[in-house]
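>>> give me coordinates for this.
(3 chains)
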Amino acid sequence: MADPMRIRAKAKDGGVNVKILMAHEMETGQRKDSAGKPIPAHFIQHVSVTWQGKVVLSANWGPAISKNPFLEFDFKGGKKGDKIQVTWTDNKGDTRTDEATIN
Amino acid sequence: MKIIQATIFGAAALAIAYTAQAQDYRAQAISMMKRDFHAKGIAGMDRLDEDTVQKICNLSHNNPPKGLAERLQQDQLEDIKYPADGKFLGDWKSGEKIAQRGRGMTWKDKDGKTSRGEPNGGSCYNCHQIGPDTTSFGSIGNSLLHFGKIRGYGADMQKYVYGKIYNAKAFNLCSAMPRFGHSDTLSEEQIKDLVALLLDPNSPVNK
Amino acid sequence: MSSIKLRVVVALSGLAFACAAQAGQTATPVKVAAQTKKAASKSRSAIAAEFEKFRDIMEEASPAELFEAKGEELWKAKRGPKNASLEKCDLGLGPGVLKGAYVKMPRYFADTDQVMDAERRIVYCMVTLQGFKEADLAKKPFSSASKTPDPVSLVTYVAGQSRGMKIAVPQKHPKERDAYNTGEEIFNYRAGPWDFSCATCHGADNLRIRTQDLPNLSSKEGAIAAFQGWPGYRMTGGLMHTLQWRLNDCFRQQRFPEPGYVSETLSDLLTYMGVNANGHVYKGPGIKR
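Sure, this is the predicted structure:
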């Protein structure tokens, strides 16, 4: 069960600054538990951000990204009151989408 | 017997300094803790009981009347078991490991051993500067760097250091330092190794 | 939409990251994170000062906020045997009032005739409003790699509703003053095999264990450390912890037996430390080493 993201989107200088925190274990698959058994890899593989139906960011991620990742980016277009949607999908097929309003 | 007499005398004398209201809060705090805590692993509920030294230090805010402190320190001094072979210097290399190790005696640990099965540590670096190579040392205790070089390596000094580690309260009743021998945290051999860390001329502490 | 500037802060371990921006834009990765430069006080070691800088950078991307978000979901969701939300929970300012409640706890609650800290009160609400059993909540109350207990996220959410507000732990009710005085006695109580009290490590200025600075919780200046940054996201292990955990682990290292979860002993101790911190501004859930 995926936990909520924290998204901040702020209009500035004709663009929008987006900050996203995602709750995820981001397990690399290379660690072992206390019994010496490998902990299976579990990480976000794809992140996409849409604004008015258009993809403004699409990223492929791997196991080198840290636990509970933070992502910040700017995009042009977008104004106060518009909504953006953020979706991630992990290697086990789990997914989470959250929405935020630009302010 | 001596200890019991001193307690009665001490508690009576200190009760005067401790206001009636503070006494109430203290009594309330103790009974509350005894109600709210539970034994876990090796950490039994008896650990909440004060012994004489703890009680006098608690009642006097770690500032006991001089005469009483001296008497109780004498009791603590008599409690120290010095090595039967009369030798105080062990292996400083092993002493360094004991000084570095901070584990042991918590509810996660085992009887006489850490949770990892190693012998208890002395947690020495947690509070003291000791060897020249460890820069992550604490500041609750004084620096012990160059201990032997400064204070000398003689038999009296060796006996003092052994006793200080075994029972720090024999020299300063309300010292912050644990009584490592008295509390069965460290063995005779381990304390000897720590003495060597401070007093072996070949120990890096004295280089 | 011609350019995208990307910044991925590798929040925990400083690992390199592999990130490919697609959709035809040129990616300009890694813009240097803005740093809040705070003058490190002279008493702090250089290492500690460096860590403070790191923490400042991390504050704006604090993973603690994830637990606030989780806590908010839990707060509003109908859960437990009674299928109720916590929205009627009274944290001292009236049912459902969260703004500023955290910085005014522990406080006296007439309905229980007890002084309760935030976590104790929230657990009380989970029991009375939602029908959870306190014994179940107390079984595994602290975060582990496999689980963050619900009260942890809930406390973090509630604490976030006091961000930027002044700490004002009340001392009006006689039981609140009793709690402070009893808490002070608990703080100074030496016992156990190592003769430690809380004060052994936290009762004087400028003390350190190894390189870790120890706040003097008996002083006005130092006591803020018992409040600030808690609940805290601990970078060691990446776990969210509340003050209930902090006090539990302190007693462990004090070589004491284990204090009961959300017990009166801990509420009283938190009252003592909270009142000492009164007047400072609370910055919200934070980040710990």
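
>>> how about the residue of the stretch 1-150 of chain C found nearest chain B, nearest residue that isn't a chain neighbour?
Closest residue of the stretch 1-150 of chain C to chain B, CB to the nearest CB: residue C:47 (8.2 Å). Every C-beta, even on glycine, is put in place using the N, C-alpha and C of the backbone. Distances taken as CB to CB, 6 or more residues apart in numbering or on different chains place residue C:211 nearest to residue C:47, at 5.3 Å, with adjacent residues excluded.

>>> still on that earlier bit, shouldn't the residue of the stretch 1-150 of chain C closest to chain B be within a strand?
No - judged by DSSP: H, G, I helix; E, B strand; the rest coil, residue C:47 forms no part of a strand; its state is helix.

>>> roughly how far apart are the residue nearest to residue C:47 and chain A?
24 Å (CB to the nearest CB, to the nearest Å).

>>> show me what counts as buried in stretch B:146-155.
By neighbour count on 16 or more other CB atoms under 10 Å in any protein chain shown, the buried set for stretch B:146-155 is B:147, B:148.

>>> roughly how far is that stretch from the heart of the chain?
Relative to the centre of its chain, stretch B:146-155 is centred 21 Å away, using CA atoms, centre = their mean, to the nearest Å.

>>> one more: stretch B:99-117?
16 Å.

>>> likewise stretch C:270-280?
14 Å.

>>> now do stretch A:9-25
For stretch A:9-25, the distance to the chain centre is 10 Å (CA atoms, centre = their mean).

>>> just the pLDDT for residue C:27.
We have a pLDDT of 33 for residue C:27.

>>> my bad, should have said residue C:19
34.

>>> quick one, domains of chain B?
B:2-69, B:92-206 (automatic domain parsing).

>>> ok, the residue in the stretch 101-250 of chain C positioned nearest to chain A - how many residues close by?
Closest contact between the stretch 101-250 of chain C and chain A, by CB to the nearest CB, is at residue C:238 (4.7 Å). Residues within reach of residue C:238, counting by other CB atoms under 10 Å in any protein chain shown, total 18.

>>> now do residue B:84
Residues near residue B:84, counting by other CB under 10 Å: 7.

>>> distance check, it against residue B:188.
9 Å (CB to CB, to the nearest Å).

>>> likewise for residue C:179?
Relative to residue B:188, residue C:179 is positioned 45 Å away (CB to CB).

>>> ok, now residue B:98?
13 Å.

>>> ok, residue B:90 next?
9 Å.

>>> settle it for me: which of those two has more neighbours?
Between residue B:90 and residue B:188, residue B:90 has the larger neighbour count (other CB under 10 Å), namely 22 against 17.

>>> so, low pLDDT: which residues of chain B?
By pLDDT under 70, the weakly predicted segments of chain B are B:1-17.

>>> brain fart, the stretch 1-150 of chain C
Residues of the stretch 1-150 of chain C meeting the criterion pLDDT under 70: C:1-45, C:55, C:57-60.

>>> please enumerate the strands of it.
C:3-9, C:19-21, C:26-29, C:107-109, C:114-116 (DSSP state E, counting those that start in this stretch).

>>> give me the sheet partners of the fourth one and which way each runs.
It stands for strand C:107-109. Taking DSSP bridges as the criterion, strand C:107-109 pairs within the sheet with strand C:114-116 (antiparallel).

>>> can you add distance to chain C and give the domains of chain B back as JSON lines?
Putting those into JSON lines (distance: least, CB to the nearest CB, whole Å) gives the following:
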{"stretch": "domain B:2-69", "distance to chain C": "4"}
{"stretch": "domain B:92-206", "distance to chain C": "4"}
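
>>> can you put the ones you listed in CSV and add distance to residue C:279?
Shown next, in CSV, are these (distance: least, CB to CB, whole Å):
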stretch, distance to residue C:279
domain B:2-69, 24
domain B:92-206, 28
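
>>> buried deepest among those domains, which one?
Greatest average neighbour count among those goes to domain B:92-206 (a mean of 19), per mean count of other CB atoms under 10 Å in any protein chain shown.

>>> centre of the chain to it, how far?
For domain B:92-206, the distance to the chain centre is 10 Å (CA atoms, centre = their mean).

>>> touching chain A at all, it?
No - shown here: domain B:92-206 not in contact with chain A (CB under 8 Å from any CB of the partner chain), separated by at least 11.4 Å.
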